[in-house]
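Peer 1: return atomic coordinates for the entry below.
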Amino acid sequence: MAAFRARPPSDEAPRVTADAAELLEVLSGRAPTTPASQVRVLLVLEQHDGINLRTLADSLGTTPPSASRLCDRLETTGFLERRPGAADRREVRLRLSGSGRSFLADLRARGEGEVRAVLAAMPSAKREALLEGLETFCAAAAPRILAHDAGPGAVLSPRPGTPEDPDTRGGRTA
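Peer 2: Predicted structure coming up:
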């Protein structure tokens, strides 16, 4: 007889979600030769190509000297390029090199393969339930993320088709 495993209480959901997020980070972020701090720099540069060192340091929550040392290492590996700014040649702009972009693409492909392998080991019904749960989670989190990105005091309308949308009936647009 199969062992009965009770569903965790709803107050356990944050812990289980955090555990799952950590596992996904480990599976998708495996970069055996590149430290996580350097991968983080590459990800920031991918989103904000051409930023300066101070902006990078602020994005990483570190000091400009620490960010500069990370950039030194990434420049040595050929993943990052430093270029003088167009308006002020004393200001240095940071850009991903072609090698840096290729590295991130490879890292994502390997991570996706790892996640696919885990999902393949799950029963189909559980994969569907996971997808539905993740879609619902993302829809519920989106307004919080948008409010955070918009800054303090921002008032945002709910996304159409979400339960918070007054024109929504049962998760569908009226």
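Peer 1: residue 103 belongs to a strand, doesn't it?
Peer 2: No: assigned with DSSP: H, G, I helix; E, B strand; the rest coil, residue 103 falls outside any strand and is helix.
Peer 1: burial of it, as a residue count?
Peer 2: Counted by other C-beta atoms under 10 Å, the residues lying close to residue 103 total 22. (C-beta placed from N, C-alpha, C; glycine too.)
Peer 1: next: residue 67.
Peer 2: The number of residues near residue 67, taken as other C-beta under 10 Å, comes to 23.
Peer 1: element containing it?
Peer 2: Element membership of residue 67 [criterion: DSSP states H and E] is helix 64-77.
Peer 1: same question, residue 93
Peer 2: Going by DSSP H and E, residue 93 is part of strand 92-96.
Peer 1: what does that strand rub up against?
Peer 2: With C-beta atoms under 8 Å, 6 or more residues apart in numbering as the test, strand 92-96 has contacts from 42, 45-46, 49-53, 56, 71, 79-85, 104.
Peer 1: just the buried ones from these?
Peer 2: 42, 45, 51, 52, 53, 56, 71, 79, 80, 81, 104 (16 or more other C-beta atoms under 10 Å).
Peer 1: now the lengthiest helix in the chain: buried residues?
Peer 2: Counting by DSSP state H, the longest helix found in the chain is helix 124-150. Neighbour counts using 16+ other C-beta under 10 Å place residue 139 of helix 124-150 among the buried residues.
Peer 1: repeat for stretch 106-119
Peer 2: By 16+ other C-beta under 10 Å, the buried positions in stretch 106-119 come out as 107, 111, 114.
Peer 1: thanks a lot, catch you later.
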